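A.B. asks: show me how the following folds:
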Amino acid sequence: MKFASRATAISPFLAMAYGEKATVLEQQGKDVIRLNLGEPDFGAPAPVLSAMKESLNTPDFPYTSALGIPKLRQSIASFYETQHDVKLSPSRVVVTAGASGALLLASAALVESGDNVILGDPSYPCNRRFLNAFGAEVTLVPTRSEDSFQLTAESVADNWKHNTKGVLIATPANPTGTAIDTDELVKIGQYCKAKGGFLIVDEIYLDLSLSNDLDARTHTGASQSTNNKDVKLQTVLANSELQDTVVVINSFSKYFGMTGWRLGWCVVPETMTPIVEKLAQNLFICPSTLSQKAALACFTPEALAQCEQNRNTLIERASLVFNAVQNMGLSLDAQPDGAFYAYINIKHTGLSAIEFCDALLSQYHVALTPGNDFGEHNADHYVRLSFATSIERLNEGLTRLARFVEALA
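C.D. replies: Below you'll find the model as predicted:
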């Protein structure tokens, strides 16, 4: 049997690979601290779990519209208005099988074989894999810590080719947790539009701001929610000029803690909705009916209050991690703005990222993810730590990490 080149050329997802290594050690009786995956330990809000249990009394779960349950699309649109003061037509909201499903649809709709798409380096590896699967070539543009490891309008213009069709940006980003300056993001969107291209913005960590201080976050374009005083990162959808050329991707996995439920959404231009609908009908028929029904409870006051409480817990964990990393003599070259990651510079240890992660896991039983997962430029100098785990396990993991770094000195 001969396999397709797209299958044989794809690299392993190292975050998952180190999870497998951790499992082997656990089967040997080792106590492994897993700080390698970006999976919130909170789980779904209680009202969502209750809604799921109640739904189980229904005798059947038929297919929904390929675009998702209309009531859920309306709820997502309303969420943008209450959380980000952005009025959005539900007709632009497409419910998908996770953010991955959203990126699959966007890639299928926007790129042809041989098209070029610009991404920053470092960036989440699966984003470029979807583009590659539809024949696109990806240009990974090295980013600087001074720019929060984000693309700039200048770097996009410098790397735009004759066959470039668009740009994909994540903000806040995985693995760095950093957000792009809002003005810079708009400039990039304007450049893409002037070139007849598209801008895809991955906003799955949008509502996981790591700060409640407005003054500290003005550089990221933060805005205050209309309903509370907590600072929120701004969605690119707030810029009306870019509505017809921007695709926004989001998910129930991070802020709502529903990773295994495989439910996400995208917001597309009005003219793109029927295109995406046809693709969705053919590629996966519809998202999970059961997950969609339960997700309606995400937007109740009780669920949102729980999500905000979880976010505040992440802020406490972030402070713990950032201080601990500094005390170890390691560095965060750019301060994270959101999500639950620390992208740690380990260059001075003399180990490559993979050597560092292998030794830490085998000797101290702590799983991190090497920077090689996220790009090519200086990837060997960084490791990613996820603090999406309990404070007790996090403290133990940081203690072991400190011992490991001290032993390397």
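A.B. asks: name the residues of stretch 155-165 that are buried.
C.D. replies: Buried residues in stretch 155-165, counted by 16 or more other CB atoms under 10 Å: 155, 156, 159, 160, 164, 165. In this view, the C-beta of every residue, glycine as well, is placed from N, C-alpha and C.
A.B. asks: nearest to residue 110, of these?
C.D. replies: The shortest approach to residue 110 among the buried residues of stretch 155-165 belongs to residue 165, at 6.9 Å (CB to CB).
A.B. asks: check that closest one and give its pLDDT.
C.D. replies: Note on residue 165: pLDDT of 98.
A.B. asks: that one sits in which helix or strand?
C.D. replies: Using DSSP states H and E, residue 165 maps to strand 164-170.
A.B. asks: partner strands of that strand, with direction?
C.D. replies: strand 116-121 (parallel), strand 198-202 (parallel) (DSSP bridges).
A.B. asks: next structured bit after the longest one?
C.D. replies: Same thing as strand 116-121. Downstream of strand 116-121, the first helix or strand assigned by DSSP H and E is helix 125-133.
A.B. asks: so where is the stretch 101-250 of the chain shaky, pLDDT-wise?
C.D. replies: Low-confidence segments of the stretch 101-250 of the chain (pLDDT under 70): 212-232.
A.B. asks: if we use 90, what do you get?
C.D. replies: Across the stretch 101-250 of the chain, the ranges flagged by pLDDT under 90 are 211-234.
A.B. asks: quick one: the strands in it?
C.D. replies: All strands of the stretch 101-250 of the chain, identified by DSSP state E, counting those that start in this stretch, fall at 116-121, 137-142, 164-170, 198-202, 223-224, 231-232, 246-251.
A.B. asks: closest to residue 48 out of these?
C.D. replies: The closest of the strands of the stretch 101-250 of the chain to residue 48 is strand 246-251. By CB to CB, the value is 14.1 Å.
A.B. asks: partners of that closest one, with directions?
C.D. replies: In the sheet, strand 246-251 lines up with strand 198-202 (parallel), strand 264-267 (antiparallel) (DSSP bridges).
A.B. asks: among those strands, which is nearest residue 364?
C.D. replies: Closest of the strands paired with strand 246-251 to residue 364 is strand 198-202, at 32.6 Å (criterion: CB to CB).
A.B. asks: so the closest one versus helix 125-133, what angle?
C.D. replies: Strand 198-202 runs at 150 degrees relative to helix 125-133, counting by axes from the mean of the first three to the mean of the last three CA atoms, to 10 degrees.
A.B. asks: contacting residues around strand 198-202?
C.D. replies: With contacts defined as CB atoms under 8 Å, 6 or more residues apart in numbering, strand 198-202 is touched by 99, 103, 106, 110, 124, 127, 165-171, 173, 185, 188-189, 192-193, 236, 242, 245-249.
A.B. asks: before we move on, the earlier item: adding distance to residue 29 and mean neighbour count, write the strands paired with strand 164-170 out as JSON lines.
C.D. replies: Shown next, in JSON lines, are those (distance: least, CB to CB, whole Å; neighbours: other CB atoms under 10 Å):
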{"stretch": "strand 116-121", "distance to residue 29": "39", "mean neighbour count": "23"}
{"stretch": "strand 198-202", "distance to residue 29": "39", "mean neighbour count": "24"}
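A.B. asks: so which of the ones you listed gets nearest residue 365?
C.D. replies: With CB to CB as the criterion, residue 365 lies closest to strand 116-121 of these, at 30.4 Å.
A.B. asks: as CSV, could you dump the C-alpha coordinates of the closest one?
C.D. replies: Extracted in CSV, the C-alpha atoms of strand 116-121 (Å, rounded to 0.1, in the frame of the first residue of the first chain):
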residue,chain,number,x,y,z
ASN,A,116,1.2,30.4,-0.2
VAL,A,117,0.0,31.3,3.3
ILE,A,118,2.1,33.3,5.9
LEU,A,119,2.3,32.2,9.6
GLY,A,120,4.5,33.3,12.4
ASP,A,121,7.3,31.2,13.9
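A.B. asks: that strand versus strand 137-142: what angle between them?
C.D. replies: With the same axes, to 10 degrees defining the directions, strand 116-121 sits at 30 degrees from strand 137-142.
A.B. asks: nearest residue to residue 379 in space, please, no chain neighbours.
C.D. replies: In space, residue 379 comes closest to residue 371 once its chain neighbours are excluded; the distance is 4.1 Å by CB to CB, 6 or more residues apart in numbering.
A.B. asks: show the model's pLDDT score for that neighbour.
C.D. replies: As predicted, residue 371 sits at a pLDDT of 94.
A.B. asks: quickly list what residue 366 is bridged to.
C.D. replies: Taking DSSP bridges as the rule, residue 366 bridges to residue 33.
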